[in-house]
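1. next come a sequence and a model predicted from it.
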Amino acid sequence: MPLRRAEFWQEMWNVLVLLTTTAAALTVPLRLVFDHVVFFAYVWFDIAVTVIFVLDILLRLRRAQRTGEGGSALWYAIDVAAAIPFDLLLPPSIISLARLLKLFRVWQTLNVWRQLDPGHWMRLRLVYFVYWFSLTVHWLALGWASLRGVSHDVAVNTTYVQSLYWCVTTLTTVGYGDITPITNAEMLYAILVEIFGIATYGYIIGNVANILVNLDPAKARFRDNMQKLGAFMNAKGITGRLRERMRDHYAYLWQKPGANDETMIMRGLPAGLRGEVSLFLKRDIIQNVPFLKGAREDLIRDIALQMRPMVAAPGEFVFHAGDTGHEMYFISRGRLEVVGPDGKTLLGVLSDGEIFGEMALLSGQRRIASVRATDYCDLYTLDKQTFDRITEGYPEFARHISELMEKRRQENY
């Protein structure tokens with residue numbers, strides 16, 4: 001479902017803050033190490049960062065006032081410290097790194113995004129790892145450049161690339177030896193970088209490999225289900241066309257995400273939220289039922305809660321002529337044919353949004369025709385026993401059904 005306009009602009013602002021914070025995390029340490037270089041337009045960049053960070057504080061305060069959810073004082077202290085333009089007020093010093101405190105807000109935002117899209121959390125986890133690792137490598141390279149000393153006679157880009165080269169070769173334990181630590185401080189720093197590289201390597205082996213394996217959990221679940229299905233069919237001796245139909249059914253459920261998850265997901269929701277979600281998914285279909293037009297909202301919600309999803313495969317008969325009717329059907333997606341009692345005469349075609357078998361809820365009479373799926377169809381079913389139990393709580397609607405039944409009987413005689 002698309003975000004509301006206010007939510008959309010809120011997310012766009014979060015993206016702007018993330019990009020601004022990332023730019024500051026890259027440039028502020030760079031400016032601190034190469035303090036002898038006057039970066040073009042750095043003052044204007046620092047002013048822009050300050051303005052965005054201050055606006056972010058004001059917007060958070062306004063949102064907290066509107067929603068009544070006040071944030072932690074610690075978070076606001078972090079925001080204020082990051083918004084102060086120390087580079088504009090003081091000579092370059094380590095206090096300028098206060099800008100980097102805003103990265104805690106970035107971390108908070110990234111966690112929120114991961115929760116909003118749990119279906120892609122594996123991919124997001126990989127992206128987040130690359131993001132934080134890249135920032136860390138940049139900082140380590142600048143730390144090495146600072147320890148080695150920055151020469152005014154060497155171009156900034158040359159010094160930075162050499163430091164980045166040393167950092168990457170040390171982290172990856174390659175270490176060609178063309179750039180080596182000399183002083184005690186450099187040696188200790190190199191040891192720390194090597195330890196960090198080993199830990200990172202272990203993390204990559206232990207976690208990123210797992211991320212890549214489980215990058216598509218639906219596909220992993222499908223493979224597992226197909227293996228279980230194959231073992232079951234082999235054990236029971238199921239072969240031929242029946243075997244193919246069973247495999248095709250599971251393949252369809254995998255190709256259509258969520259086709260077999262609705263019941264499980266709905267079961268895990270609280271009653272009130274489950275009713276709202278059911279009504280959202282099924283309202284348009286229910287409104288096509290003639291005897292439900294104008295029905296009360298709570299009655300529609302109760303009916304939506306009791307509708308059960310089912311899948312009909314191509315060529316499968318939903319019911320046959322002569323069967324006793326106990327259920328009606330709502331077509332969410334697909335195409336079905338109405339066939340005469342002889343199984344050959346085509347009486348009509350049903351498609352998305354239509355209903356059939358509704359007389360089963362009213363009279364329980366036998367089916368006068370057969371209904372056969374021509375492709376994979378997503379349906380909802382509602383049985384007569386459940387329908388009768390629901391209508392007992394709505395006397396006016398029950399009388400409406402009785403009047404409708406009487407009118408149908410008079411028309412038939």
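-> Ah, there it is.

2. what about S151, which SS state?
-> Of the three states, S151 takes coil according to DSSP: H, G, I helix; E, B strand; the rest coil.

3. typo on my end, Y380
-> strand.

4. could you measure from it over to V54?
-> Taken as Cβ to Cβ, to the nearest Å, the spacing of Y380 relative to V54 amounts to 52 Å. Yep, even glycine has a C-beta here, placed from its N, CA and C like the rest.

5. okay, those two: which has more neighbours?
-> When neighbours are counted by other Cβ atoms under 10 Å, Y380 and V54 differ, and Y380 comes out ahead with 22 against 15.

6. surely that one touches Q306?
-> No - the criterion here is Cβ atoms under 8 Å, and Y380 misses it with Q306 at 9.6 Å.

7. isn't E354 right up against I331?
-> Yes - proximity of E354 to I331 meets the contact threshold set by Cβ under 8 Å, at 5.1 Å.

8. quick one, which of the two is more surrounded?
-> Neighbours were counted for E354 and for I331 using other Cβ under 10 Å; I331 has more, 22 against 15.

9. where does pLDDT dip in the stretch 251-400 of the chain?
-> Low-confidence segments of the stretch 251-400 of the chain, defined by pLDDT under 70: 254-264, 360-361, 364.

10. repeat that with 90
-> Within the stretch 251-400 of the chain, the segments meeting pLDDT under 90 span 251-316, 320-328, 330-334, 340-345, 351-368, 375-378, 380, 382-400.

11. how about the strands in the stretch 1-150 of the chain?
-> Using DSSP state E, counting those that start in this stretch, the stretch 1-150 of the chain contains no strands.

12. all helices of it, in order?
-> Secondary structure of the stretch 1-150 of the chain (DSSP state H, counting those that start in this stretch): helices at 5-33, 42-67, 73-83, 86-89, 103-116, 121-148.

13. give me phi/psi at D178?
-> In terms of degrees, to the nearest 10, the main-chain angles of D178 are phi -80, psi -20.

14. distance of it from W166?
-> From D178 over to W166 (counting by Cβ to Cβ), the distance is 9 Å.

15. so the two - more neighbours on which side?
-> Using other Cβ under 10 Å as the criterion, D178 and W166 rank with W166 on top: 23 against 9.

16. and for the residue nearest to that one when sequence neighbours are not counted, the neighbour number?
-> In space, W166 comes closest to I179 once its chain neighbours are excluded; the distance is 4.5 Å by Cβ to Cβ, 6 or more residues apart in numbering. Number of residues near I179 (other Cβ under 10 Å) recorded here: 16.

17. with mean pLDDT and distance to V156 added, can I get the helices of the stretch 1-150 of the chain in a markdown table?
-> Converted to a markdown table, the helices of the stretch 1-150 of the chain look like this (pLDDT from 0 to 100; distance: least, Cβ to Cβ, whole Å):
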| stretch | mean pLDDT | distance to V156 |
| --- | --- | --- |
| helix 5-33 | 89 | 8 |
| helix 42-67 | 89 | 13 |
| helix 73-83 | 90 | 25 |
| helix 86-89 | 84 | 17 |
| helix 103-116 | 84 | 24 |
| helix 121-148 | 88 | 9 |
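
18. cheers, nothing more for now.
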